[in-house]
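Could you work out the structure for the sequence below:
(chains A and B)
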Amino acid sequence: MAKAPVLTPQAEDFPRWYQDLLNKAELAENGPVRGTMVIRPYAYAIWERMVSEVDARIKATGAENAYFPLFIPESYLHREAEHVEGFSPELAVVTHAGGKELEEPAVVRPTSETVIGEYMAKWIQSYRDLPLLLNQWSNVVRWELRPRVFLRTSEFLWQEGHTAHATEAEASEYARRILEDVYEDFMVNVLAIPVFTGVKTAAERFAGADDTLACEAMMRDGKALQMGTSHSLGQNFSRVFDISYSDPEGAQQLCWTTSWGVSTRMMGGLIMGHGDDLGLRLPPKVAEVQAVVTVVRDSDGSVTDAARRLEQELCDAGVRARLDDRVDTPFGRRATDWELKGVPVRLELGPRDLEEGQVTVARRDLALDSDGSRNPASKAALPLDGAARAVPGLLEEIQATMLEAATAARDAATVDVDGVAEALEATRSGFARIPWKRLGTEGERELAESAVTVRCLQAEGGGLPASIDDEGVVALVARSY
RNA sequence: CGGGACGUGGCGCAGCCUGGUAGCGCACCUGCUUUGGGAGCAGGGGGUCGCGAGUUCAAAUCUCGCCGUCCCGACCA
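Purely as a prediction, here's the structure:
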């Protein structure tokens, strides 16, 4: 003991802790071009789990996957005034290709409203073609001034949904459904990260949208991270791309469109939302390895045999299990590594356990006490016989406990305030809630001078407000990533 | 793009002030001994000191420029 900590403690330097963790847990690193990132296998496996969970929920709303090109004619971007204005500072533009200058530069997609709009216009003729519900999984490029692995990179992976509807009500209902039934549900129930849902103010709205809905999560340093957004685009894109249909009366009508996305930024949210001084903490549902069976030591092969049987029993019980039988590496080292990587459950089996007919089970979520010291209660002995069958239940419990803990921490760091000064004070360590009527755009600007922004506007009791002009609408303000 | 800190084997650092042929810890390889919370000993491999100019007999060290990283702002999923 009393070794130097593996990671810079969060309280000492949170950004450094994040960097340390990315490296030591073999998650990701910077790419050779500024702002790009390399996602290593352990992190990519987590991303793939996120993708499959989100994808299933998207499909449940009726949307279908498709794929549109990486390159977009520059002229497309220019059709929607606010859209270009918002994106032009961060566009990567291909001017030369095949050894020649291109007649029309091709923009590397920063998002695909424009190309998809062009094709929607082609595919939609009648009200019978509506709604058109599309989604694509892709990479996008937004040249960033201040990149940070996972949180803000010049190229990132995401999902972007694009839909067209006959009526405004249907479009906004769909945008809301994506935010709540897909994003919020996924974040809360899979990532175990509680989110505040709300509407963006005009200042924070997506370029070209009438309305932007968002999920905001709190990181362990009290800063906010926007984890997902869903936009009502009104008829802004329909108008310029001529996305229209004939209604049942034969009259030509413009569609109402939406777009919505979540990205690899969620990886950053997962890391900073749950990670502690020992490393990553993965909710079982996204953990690639849910349980690792560690052979503490072994002289005659009997412990390894038993461990292998245990691993098989875990797999049979539906647990994503792995065997760690590297007995030539010191046990403590391996234990630390699995903690760093956030594996939810460790089953440690040594000669002593075997003799007693038991296995030592350690849960990662409770490894540290609230005061930051090791929590002995995170480890317990279980009878070896039947231990595997207890793990699925334990994983569920861990999933639930992590959500409860994250929710409690967030709520404890969220305070109701009445004025700008109080809000600034509160947002040094968390979120502040202030009546929107009291804050207003004036107050919003004032907060912005201190790098505090309105993350979203919420209904009085939380969640999406019917209208931001409603009495009782609350502004959730924070420092943010 | 403004303000600050920093670039030396994979990672973390010392050396720089007072120029003189590059060092430590961890990691890696080999062997032996170990093993219930980051193992020990012995041996070994790996670096044009971010890049480019300049000063000098001689530059990691001094000067100038550039690039990159991290932090704090303006922008953002």
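
partner strands of the helix or strand harbouring residue A:434, parallel or antiparallel?
Following DSSP states H and E, one finds residue A:434 within strand A:431-435. Strand A:431-435 has its sheet partners listed here by DSSP bridges as strand A:414-416 (parallel), strand A:474-478 (antiparallel).

tell me the contacts of residue A:431?
Applying Cβ atoms under 8 Å, 6 or more residues apart in numbering, we find residue A:431 in contact with A:196, A:218, A:222, A:224, A:410, A:413, A:414, A:415, A:455, A:476, A:477, A:478. Where C-beta positions appear, they are placed from N, C-alpha and C, glycine not excepted.

redo that, cut-off 10 Å
A:196, A:216, A:218, A:222-224, A:410-411, A:413-415, A:417, A:423, A:455, A:476-480 (Cβ atoms under 10 Å, 6 or more residues apart in numbering).

hang on, residue A:480 packs against residue A:221?
No: Residue A:480 is beyond contact range of residue A:221, at 11.1 Å (criterion: Cβ atoms under 10 Å).

so what sits against both of these two?
With Cβ under 10 Å, 6+ apart, residue A:480 and residue A:221 have no common neighbours.

Break chain A down into its structural domains.
For chain A, automatic domain parsing gives the domain ranges A:14-274, A:291-397, A:414-478.

and the shortest one, is it in reach of RNA strand B?
So that's domain A:414-478. Yes: Domain A:414-478 reaches RNA strand B (Cβ under 7 Å from any atom of the strand) through A:448, A:449, A:451.

now swap in the longest one and tell me
Yes: against RNA strand B, domain A:14-274 shows contacts by Cβ under 7 Å from any atom of the strand at A:15-16, A:19, A:23, A:30, A:34-35, A:86, A:89-90, A:142, A:144-149, A:151-154, A:156, A:158, A:204, A:206-207, A:214, A:226-229, A:261-265.

In helices only, show me the residues you listed.
Among those, the members falling in helices are A:15, A:16, A:19, A:23, A:86, A:265 (criterion: DSSP state H).

any idea which of the residues of domain A:414-478 next to RNA strand B has the most stuff around it?
For the residues of domain A:414-478 next to RNA strand B, the largest number of neighbours (other Cβ atoms under 10 Å) sits with residue A:448, at 13 neighbours.

Nearest residue to that one in space, ignoring adjacent ones along the chain?
residue A:203 (7.8 Å; Cβ to Cβ, 6 or more residues apart in numbering).

Same question for residue A:246.
Closest to residue A:246 by Cβ to Cβ, 6+ apart is residue A:126, at 5.3 Å.

ok, that neighbour - contacts?
A:245, A:246, A:247, A:248, A:250 are the contacts of residue A:126 under Cβ under 10 Å, 6+ apart.

For it, give me phi and psi.
When read as degrees, to the nearest 10, the backbone of residue A:126 gives phi -120, psi 170.

so how far is residue A:419 from it?
Between residue A:126 and residue A:419 the computed distance is 54 Å (Cβ to Cβ, to the nearest Å).

got it, and residue A:308?
Using Cβ to Cβ, we find residue A:308 at a distance of 63 Å from residue A:419.

what's the answer for residue A:72, then?
45 Å.

Of those two, which one has the most company?
Neighbour comparison, residue A:72 and residue A:419: the larger count goes to residue A:72, with 24 against 13 (by other Cβ under 10 Å).

Could you list the paired strands of the host helix or strand of that one along with their orientation?
Using DSSP H and E, the element containing residue A:72 is strand A:71-73. Here strand A:71-73 is paired, per DSSP bridges, with strand A:100-108 (antiparallel).

Quick check: next helix or strand after the partner strand?
Following strand A:100-108 in sequence, per DSSP H and E, is helix A:113-123.
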